[in-house]
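**Q** got a sequence here, can you model it:
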Amino acid sequence: MKKVIFAASLILFCLAFVFSQEKESEAIRLTLNDCLLKALGNNFDILVEAINPEISEFSIRESKEFFMPQLSFGFDNYNRNYPTNWYAQGEVINYKSNEYSIGLSQRMITGGQINLSLSNQISNSTQKLLIVNPTYSGNLSFEFTQPLLKGFGPKINRREIKIAQNQRDISLHNLKSTLIQKVYEVEAAYWSLVSAIESLKVNEYSLENSKERLEKTKEAARIGIKTAVDVLASETEVASWENRIISARSQVERSENRLMEIINLPADGAGRAKSVIPVDKPGVEKKEISFEEALKIAIEQRPEMARYQKMIENSALDVSYYKNQLLPQLDLRLQMWYLGQSGDKLIYENDDPYRGKIIGKIEKSWTDAFKDVFDFKYDNWFVTLNLSIPLQNIFSRAGLARANMEKEQKQLEMEKEKRSIYNDLLSGFKELKNNEKRLETSSLYRQLMEKKLQAEEERVRLGLATSEWLFQYQRDLASARTEEIQATIDYKVSVANLERIMGVNLKTKNLKFKEYDF
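**A** Next comes the predicted model:
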């Protein structure tokens, strides 16, 4: 029977060893910087926010397309048959024409537009008394229109481009704000996991000490030095620490899940998330900075302030635009065109088109018409000024009033954000200083508790005190050690929080996201 029990114990020990090795192989050892890099590459909030600047880039391109030249081509085929009531023209006239045209249009940042077109028309008719048939006509046309009041100027006409550029910058500031927040969340989650693990180690150490003391108490009770009550007290203490360890392990799991959620750690093939073992130890480097200096940096570096500045710029563009829309519409229009014509010249008998017949013709090609065009033989032009005064702009200024109110609203929101930064920084700065003091007091308290426990252990050994007080001192020492660990973690998290409020944690951690330079 003893051999069977020994063999079963050996098998269970081997299985436990293999299982522990498997769990160890599934764990991933990560530094804080590793977690930060994984969060930048895997966190869904960051990935979603990172798309917005790319979308804004296309909006900028789209708004710039308004000023791209437009090329147009045209072809017209015309065929007409109609009767006449003049004997000299014949009873029915058939008229055919083909027209080819090419045009180029260009909008200008001043609000004007230039149109340039070149056309050629080939027409043929059965009408009598014609001198040239078929006829080739050419036309080169230049047209320039420019608003002089309403709609005039680069600032008004580049408004959509500038707004799109500012919106792109706003998207970048929003992305930076998300990155700053996620970096802080990763730091807080990482050190929270470290704190939970270290607290678990303290409880496990206390459990081992309690088990050793229980064995000693049982041996002392066996030889009559201790009583059954002392054994019961030791067993109760062991059970208490085992219960605490369960809670501590649960806290480790929660902290681990929180960190894996932020960095979006992928699961293994079985669908089970891998565990994380933090490598970095919670060392302390004190942050030396004054509140005034921190506030100045926060106002300069926080992306929210820059975002509101861009919003105010957009509102100012709207105000300028609606002011311009109140002006009368005064448009200058200049048009110049040059004609050219050629064709087959008909030769009539006795030079009489009424009674004679066609005895020949002098042929010319359609290209001859363009010789007159490009020699500017027949120049034509006109200039016009058109003035219109919309009455709604005199009696209603709703658009301008709304733009001014929105600008004022954005300015108030910016002041509100500045006040919020001040309050957050004040709270974070006080928390930093309090945690800095806790570092000293918690360390001193832990040292004193260690000395107190040693003294109590000596008293118990000499029979001058009972185990009840010894157990209490052991619990106090464990709490002191946990408090010292927590004070260190809280200080590191408060430093991270201060860097978040100042908007500098990307620089202090030397982190970059894609090609953006924050």
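**Q** list the contacts of Met311.
**A** Neighbouring residues of Met311 by CB atoms under 8 Å, 6 or more residues apart in numbering: Asn166, Ile170, Lys410, Glu413, Met414. C-beta coordinates here come from the backbone N, C-alpha and C atoms, glycine included.
**Q** and it, how close does it get to Leu327?
**A** 26 Å (CB to CB, to the nearest Å).
**Q** of the contacts of Met311, which belong to helices?
**A** Asn166, Ile170, Lys410, Glu413, Met414 (DSSP state H).
**Q** for Asn94, what are its contacts?
**A** Counted by CB under 8 Å, 6+ apart, Asn94 has contacts Asn79, Arg80, Asn81, Ser125, Thr126.
**Q** which SSE is it in?
**A** strand 92-107 (DSSP states H and E).
**Q** partner strands of the next helix or strand after that strand and their direction?
**A** Using DSSP H and E, the helix or strand that follows strand 92-107 in sequence is strand 113-125. Sheet pairing for strand 113-125, assigned by DSSP bridges, gives strand 92-107 (antiparallel), strand 132-147 (antiparallel).
**Q** show me the contact partners of strand 113-125.
**A** Here strand 113-125 has contacts from 74, 93-108, 133-146, 366, 369-370, 373, using CB under 8 Å, 6+ apart.
**Q** which among these end up buried?
**A** 97, 99, 101, 133-141, 144-146, 366, 369-370, 373 (16 or more other CB atoms under 10 Å).
**Q** quick revisit: in CSV, list the contacts of Met311 along with distance to Tyr338, neighbour count and pLDDT.
**A** Output for these, formatted as CSV (distance: CB to CB, whole Å; neighbours: other CB atoms under 10 Å; pLDDT from 0 to 100):
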residue, distance to Tyr338, neighbour count, pLDDT
Asn166, 45, 20, 96
Ile170, 50, 22, 96
Lys410, 53, 19, 96
Glu413, 58, 14, 95
Met414, 58, 17, 96
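**Q** what's the most distant pair in those?
**A** Within these, Asn166 and Glu413 form the most distant pair, 15.6 Å apart (CB to CB).
**Q** would you mind splitting the chain into its domains for me?
**A** 27-59+161-316+409-508, 73-107+112-148+332-388 (automatic domain parsing).
**Q** any weak-confidence spans in the stretch 201-350 of the chain?
**A** Low-confidence segments of the stretch 201-350 of the chain, defined by pLDDT under 70, span residues 267-273, 349.
**Q** need the strands for it, in chain order.
**A** Assigned by DSSP state E, counting those that start in this stretch, the stretch 201-350 of the chain shows strands spanning 276-278, 329-348.
**Q** the first one - which strands sit beside it in the sheet, and in what orientation?
**A** Strand pairing for strand 276-278, using DSSP bridges, gives strand 28-30 (parallel).
**Q** for the strand it pairs with, which residues meet the burial criterion?
**A** Leu30.
**Q** re the thing from before, who wins on neighbours among the contacts of Asn94?
**A** Among these, the one with the most neighbours (other CB atoms under 10 Å) is Ser125, at 16 neighbours.
**Q** can you pull up the bridge partners for it?
**A** Note on Ser125: beta-bridge partners by DSSP bridges are Tyr95.
**Q** swap in Asn386?
**A** Where Asn386 sits in a bridge, its partners, by DSSP bridges, are Asp331.
**Q** and it, how many neighbours?
**A** By the other CB under 10 Å criterion, the neighbourhood of Asn386 contains 11 residues.
**Q** spit out the contact partners of it.
**A** Neighbour list for Asn386: Gln329, Leu330, Asp331, Arg333 [criterion: CB under 8 Å, 6+ apart].
**Q** distance of it from Gln113?
**A** In terms of CB to CB, Asn386 sits 14 Å off from Gln113.
**Q** same question for Gln309.
**A** For Gln309 relative to Gln113 (CB to CB), the value is 34 Å.
**Q** same check, this time on Val252
**A** Taken as CB to CB, the span from Val252 to Gln113 is 70 Å.
**Q** not counting its neighbours along the chain, what's nearest Val319?
**A** Among residues not flanking Val319 along the chain, Ala403 sits closest, at 4.5 Å (CB to CB, 6 or more residues apart in numbering).
**Q** continuing past the helix or strand where the one you found lies, what's the next helix or strand?
**A** In this structure, Ala403 sits in helix 398-461 according to DSSP H and E. Using DSSP H and E, the helix or strand that follows helix 398-461 towards the C-terminus is helix 467-502.
**Q** adding mean pLDDT, write the strands paired with strand 113-125 out as JSON lines.
**A** Compiled in JSON lines, the strands paired with strand 113-125 are given as follows (pLDDT from 0 to 100):
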{"stretch": "strand 92-107", "mean pLDDT": "91"}
{"stretch": "strand 132-147", "mean pLDDT": "92"}
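**Q** rebuild those as JSON lines, extending it with distance to Lys281.
**A** JSON lines is the format used below for these (distance: least, CB to CB, whole Å):
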{"stretch": "strand 92-107", "distance to Lys281": "64"}
{"stretch": "strand 132-147", "distance to Lys281": "70"}
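**Q** between the ones you listed, which one is nearest to Ser320?
**A** Nearest of the strands paired with strand 113-125 (CB to CB): strand 132-147, 15.2 Å.
**Q** next, count neighbours for Leu444.
**A** Leu444 has 12 nearby residues by other CB under 10 Å.
**Q** distance of Arg419 relative to Glu160?
**A** 33 Å.
**Q** the more surrounded of these two?
**A** Neighbours per residue (other CB under 10 Å) separate Arg419 from Glu160, with Glu160 holding more: 16 against 10.
**Q** contacts only, for the more buried one.
**A** Here Glu160 is in contact with Ser63, Phe66 (criterion: CB under 8 Å, 6+ apart).
**Q** can you rerun that using 10 Å?
**A** Applying CB atoms under 10 Å, 6 or more residues apart in numbering to Glu160 gives the contacts Ser59, Ile60, Glu62, Ser63, Lys64, Phe66, Leu317, Tyr321.
**Q** let me know the closest of those residues to Leu426.
**A** Here the nearest of these to Leu426, counting by CB to CB, is Leu317; it sits at 35.1 Å.
**Q** now the helix or strand encompassing Asn380 and strand 329-348, what's the angle there?
**A** Per DSSP H and E: Asn380 is located in strand 378-388. Counting by axes from the mean of the first three to the mean of the last three CA atoms, to 10 degrees, strand 378-388 lies at 150 degrees to strand 329-348.
**Q** mind saving the C-alpha coords of strand 378-388 as CSV?
**A** The C-alpha coordinates for strand 378-388 follow below in CSV (Å, rounded to 0.1, in the frame of the first residue of the first chain):
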residue,chain,number,x,y,z
TYR,A,378,-10.2,89.6,-87.0
ASP,A,379,-10.0,90.7,-83.4
ASN,A,380,-13.0,91.2,-81.3
TRP,A,381,-13.4,92.1,-77.6
PHE,A,382,-15.6,93.5,-74.9
VAL,A,383,-15.4,94.4,-71.2
THR,A,384,-18.3,94.5,-68.8
LEU,A,385,-18.9,95.4,-65.2
ASN,A,386,-21.9,93.9,-63.4
LEU,A,387,-23.1,95.1,-60.0
SER,A,388,-25.7,93.4,-57.9
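**Q** so for it, mean pLDDT?
**A** For strand 378-388, the mean per-residue pLDDT is 93.
**Q** circling back to that earlier point, what's around the residue nearest to Val319, how many residues?
**A** 21.
**Q** so for it, what's the pLDDT?
**A** Ala403 is given a pLDDT of 93.
**Q** wait, it sits on Tyr322?
**A** Yes. Using CB atoms under 10 Å, Ala403 makes contact with Tyr322 at a distance of 4.9 Å.
**Q** which residues do these two both contact?
**A** Arg397.
**Q** before we move on, the earlier item: deepest of the strands of the stretch 201-350 of the chain, which one?
**A** Neighbour counts (mean count of other CB atoms under 10 Å) averaged over each of the strands of the stretch 201-350 of the chain peak at strand 276-278, with a mean of 20.
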